[in-house]
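Engineer: I'll drop the sequence and a predicted model, then ask my questions.
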Amino acid sequence: MDNTNITELCNLLDTLPNPVTLNALAYNEKGEACDKIVFVNKSFLKSIGYTKEDIPDERSWFLKAYRDRIYRDYISSQWFKRIGKSKKEKSDIADFPVRINCKDGKERWFNITTQTEYTIRGKYRTVAFIQTESPGEVKQKLDTKSLELIYEKHLLKTIIDSVPVRIFWKNLEGTYLGCNQSFLDDAGLKDVSEIIGKTDYEMVWKEEARLYREDDAKVQDSGVEKLSYIEKQTQKDGKVVTVSTSKVPLKNSGGEIIGVLGLYQDITEEFEAKKALREQEKMMAVQSRQAAMGEVISMIAHQWRQPLSNISAIVNNIQLKQLLGESIEDDMMVKSEKILDQVEYLSRTISGFRDFYRPNNIQEKIQAHDTIEYAVAIVDKRLEDYGIELRSSYQAKTAFYTYANELQQACLNLIKNSADALIEVKKEERWITVSTEENEKHTILTIGDNAGGIDSDILDKVFEPYFSTKREKNGTGLGLYMSKTIIEKQLKGTLQYESSPDGALFKIKLPRITELGFEEKMQERGYS
């Protein structure tokens, strides 16, 4: 492919509505074949954000797109399985659902589809990305003007066949006028001439033909595009898959609607992958809660030891006086009050522990400092025993709605993490800081310590599941992972680690919701 054709190819890729990269065949230092990313189109820059300089090769792309090591390993293994499956099925297309860390720091789901071989001039191949399940966001805009190039430039035929997104177009009667190679593969056909003139009732997906034709008619009659909707499709082997489809009116040069142009992508595996991830996260949550409950039972025993000793001492003193024949009537009332005080403390303690891990799916209006104080109350005896000072500064005053128990669990995990780190270091002065502040839209909770911080060489692993730095080797490695999961997925906030001159600093940033929406209000009143 000469430089002129490369330029023209890239210009055409820029007209496509989905993110696409152009990859060239290269070799690494071991002599193994790999991809060199030579071009990313405008849609890629807009939705994913990385330039080709950011991700010059496969390794750079994997490190940036899949920052979690465990998930990166999972994607690698699954991807190679998918490539092997495609080759076994004698298909030159492979696709796979992934969760990508975009350059703006946000995670988004895409279905990646690539050619398994370098079919463009024997040196290049394209990789296409279909964003899925992003409510309120238009993900598959189709540029109908570029369709005219189908009849004007032969190179566009090469491009739409190379891009592994299923593309097709029909006339007003629902008769197929053309499609790309990926669409032909799904239909079980070899050449585009086999589809021209046919309708959906004559295709392998004839069971879904009526619904397809209804969608075509709505788009053609209204002139309004229908984007990123989910439907079923029967394929050549009889398997029914789930696809994400977009359709727009097909217009001629005079602006008159002459048919419909559509594209779709198989997203079946994406849902399966999401389900597997949800099950994995649910299992980790159970493990974390079980470990926390074990620690809570240990802390209950610790909290109760002193009051029970006091009660025992008072009772023994009364019994001793009785044995010695001394009168106990004068101080019986005082001793009874002391016993009642200790019993009340025990009752208060067990109530607090009982409520702490009680599931609650209803948002409550809380003050941030109350949440921290509640978590501190559970570990205050442990802090006292090890001489750890608690320093607090509460500046946030506005109450807000959140899932209180979940936030309390995350705060307890972070405070315990600081306490465990301080117990391991030999310092005369040991302290934990807890603070709150607020801005126009957020409430911020900060928990820090003077335990020295986290080594830079393991900093990128602290939020990974099952990773623990505790020398006693009794840590589950789930505390920080679950705290981040709770804050970012359940509470829609962020949890970040920051270095300070003294040690670790964890900052929780939560959206400050002062009024519940309609659905939340109905839930609060007991309606589901």
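Structural biologist: Cool, the structure landed. All values derive from a computational prediction rather than experimental measurement. Residues are numbered from 1 along each chain as shown.
Engineer: CA only for contacts and neighbour counts going forward, please
Structural biologist: Noted.
Engineer: On the three-state scheme, residue 122 is what?
Structural biologist: coil (DSSP: H, G, I helix; E, B strand; the rest coil).
Engineer: Let me see the confidence value for it.
Structural biologist: Listed pLDDT for residue 122 reads 78.
Engineer: Can you mark which positions in the helix or strand containing residue 384 are buried?
Structural biologist: Assigned by DSSP states H and E, residue 384 belongs to helix 368-385. Buried residues in helix 368-385, defined by neighbour count with 16 or more other Cα atoms under 10 Å: 368-369, 371-376, 378-383.
Engineer: cool, and stretch 428-445?
Structural biologist: Buried residues in stretch 428-445 (16+ other Cα under 10 Å): 430-438, 442-445.
Engineer: and which of the residues you listed is nearest residue 14?
Structural biologist: Set against residue 14, the nearest of the buried residues of stretch 428-445 by Cα to Cα is residue 442 (38.3 Å).
Engineer: helix or strand for residue 23, which one?
Structural biologist: strand 20-27.
Engineer: what packs against that strand?
Structural biologist: Judged by 3 or more Cα pairs under 8 Å, 6 or more residues apart in numbering; DSSP states H and E, strand 20-27 is in contact with strand 33-40, helix 42-47, strand 124-131.
Engineer: in the protein, which helix or strand is least confident?
Structural biologist: Every helix and strand of the chain was ranked by mean pLDDT, DSSP states H and E. The lowest is helix 149-152, at a mean of 39.
Engineer: Give me the distance between residue 428 and residue 385.
Structural biologist: Applying Cα to Cα, to the nearest Å, the value for residue 428 to residue 385 is 14 Å.
Engineer: ditto for residue 225
Structural biologist: 67 Å.
Engineer: what do you get for residue 496?
Structural biologist: In terms of Cα to Cα, residue 496 sits 29 Å off from residue 385.
Engineer: Show residues contacting the host helix or strand of residue 80.
Structural biologist: Here residue 80 sits within helix 69-88, counting by DSSP H and E. Applying Cα atoms under 8 Å, 6 or more residues apart in numbering, the external contacts of helix 69-88 come out as 62, 63, 66, 92, 93, 94, 95, 96, 98, 116, 464.
Engineer: Double-check the fifth one against residue 114; I have them as touching.
Structural biologist: Yes - in this structure, residue 93 is within contact of residue 114 by Cα atoms under 8 Å, at 5.8 Å.
Engineer: Tell me which of the two has more neighbours.
Structural biologist: residue 114 (24 against 21; other Cα atoms under 10 Å).
Engineer: ok, and the closest non-adjacent residue to the more buried one?
Structural biologist: Nearest non-adjacent residue to residue 114, counting by Cα to Cα, 6 or more residues apart in numbering: residue 127, 4.4 Å away.
Engineer: for the one you found, which residues make a bridge with it?
Structural biologist: Beta-bridge pairing for residue 127 (DSSP bridges): residue 21, residue 114.
Engineer: how far is the helix holding residue 80 from where the chain is centred?
Structural biologist: 20 Å (Cα atoms, centre = their mean, to the nearest Å).
Engineer: So for that helix, what gets flagged as buried?
Structural biologist: 72, 75, 79, 82, 83, 86.
Engineer: any idea how far the fourth one lies from residue 28?
Structural biologist: Going from residue 82 to residue 28 by Cα to Cα gives 22 Å.
Engineer: I figured residue 220 hits residue 172, correct?
Structural biologist: Yes - using Cα under 8 Å, residue 220 is in contact with residue 172, at 7.4 Å.
Engineer: Find residues that contact each of those two.
Structural biologist: Joint contacts of residue 220 and residue 172 (Cα under 8 Å, 6+ apart) are 259, 260.
Engineer: Tell me which of these two has more neighbours.
Structural biologist: Taking neighbours as other Cα under 10 Å, residue 220 and residue 172 compare with residue 220 leading, 23 against 16.
Engineer: which non-adjacent residue is nearest that one?
Structural biologist: Closest to residue 220 by Cα to Cα, 6+ apart is residue 249, at 5.6 Å.
Engineer: show me the contacts for the one you found.
Structural biologist: By Cα under 8 Å, 6+ apart, the neighbours of residue 249 are 144, 219, 220, 223, 224, 225, 257, 258, 259, 260, 261.
Engineer: what ranges do the helices span in the stretch 301-450 of the chain?
Structural biologist: Secondary structure of the stretch 301-450 of the chain (DSSP state H, counting those that start in this stretch): helices located at 329-356, 368-385, 404-424.
Engineer: now the last one and helix 368-385, what's the angle there?
Structural biologist: Using axes from the mean of the first three to the mean of the last three Cα atoms, to 10 degrees, the interaxial angle of helix 404-424 with respect to helix 368-385 works out to 30 degrees.
Engineer: residue closest to the middle of the chain?
Structural biologist: residue 107 (6.0 Å; Cα atoms, centre = their mean).
Engineer: Look up how far residue 30 lies from that one.
Structural biologist: For residue 107, the distance to residue 30 - Cα to Cα - is 32 Å.
Engineer: and what of residue 486?
Structural biologist: Between residue 486 and residue 30 the computed distance is 42 Å (Cα to Cα).
Engineer: Between the two, tell me which one has more neighbours.
Structural biologist: residue 486 (21 against 6).
Engineer: In contact with the more buried one, which residues?
Structural biologist: 406, 407, 410.
Engineer: for the second one, what are its contacts?
Structural biologist: Okay, so that is residue 407. So residue 407 contacts 371, 486, 487, 491 (Cα under 8 Å, 6+ apart).
Engineer: switch the cut-off to 10 Å
Structural biologist: 368, 371, 372, 375, 413, 483, 486, 487, 490, 491, 508, 510 (Cα atoms under 10 Å, 6 or more residues apart in numbering).
Engineer: if you skip the residues just before and after it, what's nearest to the fourth one?
Structural biologist: This means residue 375. Nearest non-adjacent residue to residue 375 (Cα to Cα, 6+ apart): residue 412, at 5.0 Å.
Engineer: you'd agree residue 171 is up against residue 177?
Structural biologist: Yes - at 6.7 Å, residue 171 counts as touching residue 177 under the criterion of Cα atoms under 10 Å.
Engineer: on that earlier part again, tell me the most buried of the helices of the stretch 301-450 of the chain?
Structural biologist: Highest mean neighbour count among the helices of the stretch 301-450 of the chain (mean count of other Cα atoms under 10 Å): helix 404-424, with a mean of 21.
Engineer: Could I have the CA atoms of that one written out in PDB?
Structural biologist: The C-alpha atoms that make up helix 404-424 are tabulated as PDB, following Å, rounded to 0.1, in the frame of the first residue of the first chain:
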ATOM      1  CA  ALA A 404     -25.300   4.700  55.100                       C
ATOM      2  CA  ASN A 405     -24.300   1.100  56.100                       C
ATOM      3  CA  GLU A 406     -22.200   0.700  52.900                       C
ATOM      4  CA  LEU A 407     -20.400   4.000  53.600                       C
ATOM      5  CA  GLN A 408     -19.800   3.000  57.200                       C
ATOM      6  CA  GLN A 409     -18.300  -0.300  56.100                       C
ATOM      7  CA  ALA A 410     -15.900   1.500  53.600                       C
ATOM      8  CA  CYS A 411     -14.800   4.000  56.300                       C
ATOM      9  CA  LEU A 412     -14.300   1.200  58.800                       C
ATOM     10  CA  ASN A 413     -12.100  -0.700  56.300                       C
ATOM     11  CA  LEU A 414      -9.900   2.400  55.800                       C
ATOM     12  CA  ILE A 415      -9.600   3.200  59.500                       C
ATOM     13  CA  LYS A 416      -8.700  -0.400  60.300                       C
ATOM     14  CA  ASN A 417      -6.200  -0.400  57.400                       C
ATOM     15  CA  SER A 418      -4.500   2.600  59.000                       C
ATOM     16  CA  ALA A 419      -4.600   1.000  62.500                       C
ATOM     17  CA  ASP A 420      -3.100  -2.200  61.200                       C
ATOM     18  CA  ALA A 421      -0.300  -0.300  59.500                       C
ATOM     19  CA  LEU A 422       0.500   1.700  62.600                       C
ATOM     20  CA  ILE A 423       0.600  -1.400  64.800                       C
ATOM     21  CA  GLU A 424       3.300  -2.800  62.600                       C
END
